[in-house]
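Engineer: Only the shape, not the letters, is given here:
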């Protein structure tokens, strides 16, 4: 609050009041610098050691190189391979965090311009409206204007982190890792700024478990109308398109791809989601869009080239993606529209978002009648397109999903398109196969044409509901900490799925049926929504969206990942009454030891996915990556054989207690859906589980392993503390195995464990990695 007042008799004296804040308890690390949480990072890195998988053993960072770092050699600056890998990983994490921070800066400044700095922050039924911001920055923002200082802090820290990458700076791989974790933490702050600002100002659902179901799919748009498609992650441009359409009553189809699509439906559920990142090339090549509007992040760099082949004008609206287009921001609307409709301009750059909205609408209306012959609609063309295929196999070798494209093309030459149709579900439409085809066959088009006669790509996804409210945390937080709810699983990230998106749908369905809380957003939410049960219902139509076991929640777009970490933070602050402001280390320690939460980024591909994951890791939430995750070149692996690393303090008296390896890893890759499900169940186990909670978690771990891997887990017994931990349905069988194979002593008369576990169940045990939490 700011103001000026005068006092009677002192008219010539003016007292100025600047900003003030209410007194609230604050932790020791508000707005931490790089070094302030280093000790916590080192605790994590000591137990969960980085394991590197380099894609190259050469360093090309400076002109002394390239330097060969293989076989223990050092570069000209003294750097070794392990440290160079850690430096590269910090580099990619900064990219990801910067993308979200600048997104937050852009949307915040735009909303302040529209609504003013005093516009109130409102995200639903919560006292802790900004858990990530309050935890890290140590403040409680009330208005949009209060968020500016938060972004200034994030931007300043990212600048320091970037500086540490310069040749001749940091020389420790562990300190590079600590810095990467710092960048990941900052990413969740930047995301929360963006999401809180847009939810507050654009009337998006506010912690709403009854957020509407919206249309999703390649076939949801009415192509008899002009079609505008927005691609990217920043909803600002799409908002002004909707605004102009409504004000002037244009009957136009507005759809979206990637996270802009999700946020568009959060603003107006009448709008439609075409698909995720993997649908971009498919949909542009379909010829359906009359105008493509791009903003920022995860947009194909060849969008103008691809769109121009089909006379689809492109409007760029962000200085992060300008495509070499002419800046028409200050030109008259009618002149811009004429140039786009006539084909004089393939695309334009318009940084005035209100003008961009008007131009997009008018261009779509004018060009729509001219574009009806540009649509991909004739499956009979397949034989013509594939006739030159030589079966060389180059497409197979280039496919990141290892699809058998060449065989499908060969069958199509013989008139059998069934193999092409099977490829459609797993194809991510990256186009790499086409780049290697010596005959220039448009393979993505061929696959699309093969499914046109049978495709019915229409489904429902719940619009992003936003944060988890305080009442929901009060209801379910206790169950998560005690283990009665087996876990909260965040399924997030990009669509680089190794076996197609159906596997992810099946994983989500399995978890919901087993009473896990499943939280999704972004591309993962969109891909899961594509699949239906026998009655034609998506998961979002079948299950509620409350933060409660057996529910599935779509929080929103990529920036709503902050709502997921915000939920686990609030478990610590609301259920456990932990102090929030500037108290990062204590909250992260609580989450690591007591909150059964796991992140799954099965199709992660981008730098943003890397930074989001590291933000979870620093907070104590394990992350599981799909097989492509190995290309991130590092995981954080626990070594169960090293008993010296598996201990905690008991906060009641400060004593050291040996514990089971829970969670065993902080970041790990797995190769298949069959490995993924048991790993999720295992990484939800926490030292604080009571015996009923541990029994539920072990039941899931054992059953999922037997169902998908065909065997008992090798290590199930290390999580048994008492016979009460054993699944009731298998108790006798497991007691027998404990006795025969592991040498435990069993009292068969009472069916009790007499001797064997590394520790006994203590229902009041308070595990912590922080010595100051326990009494000396």
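Structural biologist: Received, thanks. On a predicted model such as this, the values are computed, not experimentally measured, just so you know.
Engineer: Could you pull up the contacting residues of residue 563?
Structural biologist: 192, 195, 466, 467, 468, 521, 555, 556 (CB atoms under 8 Å, 6 or more residues apart in numbering). Yep, even glycine has a C-beta here, placed from its N, CA and C like the rest.
Engineer: Against residue 129, how distant is the fifth one?
Structural biologist: The span separating residue 468 from residue 129 equals 12 Å under the rule CB to CB, to the nearest Å.
Engineer: between these two, who's got more neighbours?
Structural biologist: Comparing residue 468 with residue 129 by other CB atoms under 10 Å, the one with more neighbours is residue 468, at 29 against 24.
Engineer: would the more buried one count as being in a strand?
Structural biologist: No. Secondary structure assignment (DSSP: H, G, I helix; E, B strand; the rest coil) places residue 468 in coil, not in a strand.
Engineer: residues in contact with it?
Structural biologist: Counted by CB under 8 Å, 6+ apart, residue 468 has contacts 207, 547, 553, 563, 566, 567, 570.
Engineer: These in helices, which ones?
Structural biologist: Of the positions in these, 563, 566, 567, 570 sit in helices, assigned by DSSP state H.
Engineer: right, and out of the contacts of residue 468, which lies closest to residue 180?
Structural biologist: Residue 180 has its nearest neighbour among the contacts of residue 468 in residue 566, at 21.4 Å by CB to CB.
Engineer: Not counting its neighbours along the chain, what's nearest the closest one?
Structural biologist: Among residues not flanking residue 566 along the chain, residue 131 sits closest, at 3.9 Å (CB to CB, 6 or more residues apart in numbering).
Engineer: Compute the distance between that neighbour and residue 564, please.
Structural biologist: Residue 131 sits 11 Å away from residue 564, taking CB to CB as the criterion.
Engineer: repeat for residue 433
Structural biologist: Look at residue 433 and residue 564: by CB to CB, they are 35 Å apart.
Engineer: pretty sure residue 606 is touching residue 96, no?
Structural biologist: Yes. Under the criterion of CB atoms under 8 Å, residue 606 is in contact with residue 96, at a separation of 6.9 Å.
Engineer: Quick check: the gap between residue 48 and residue 625.
Structural biologist: Residue 48 sits 14 Å away from residue 625 when distances are taken as CB to CB.
Engineer: Those two: which is more packed in?
Structural biologist: residue 625 (25 against 22).
Engineer: So that one sits against residue 667, correct?
Structural biologist: Yes. Using CB under 8 Å, residue 625 is in contact with residue 667, at 6.9 Å.
Engineer: between the two, what contacts are shared?
Structural biologist: Residues touching both residue 625 and residue 667 (CB under 8 Å, 6+ apart): 613, 635.
Engineer: possible to save the contacts of residue 563 as TSV with pLDDT and distance to residue 220?
Structural biologist: Converted to TSV, those look like this (pLDDT from 0 to 100; distance: CB to CB, whole Å):
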residue	pLDDT	distance to residue 220
192	99	30
195	99	25
466	98	23
467	98	27
468	98	29
521	98	20
555	98	22
556	98	19
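Engineer: nearest to residue 718, of these?
Structural biologist: Closest to residue 718, out of all of those and judged by CB to CB, is residue 468, at 32.2 Å.
Engineer: Good, we can wrap up now.
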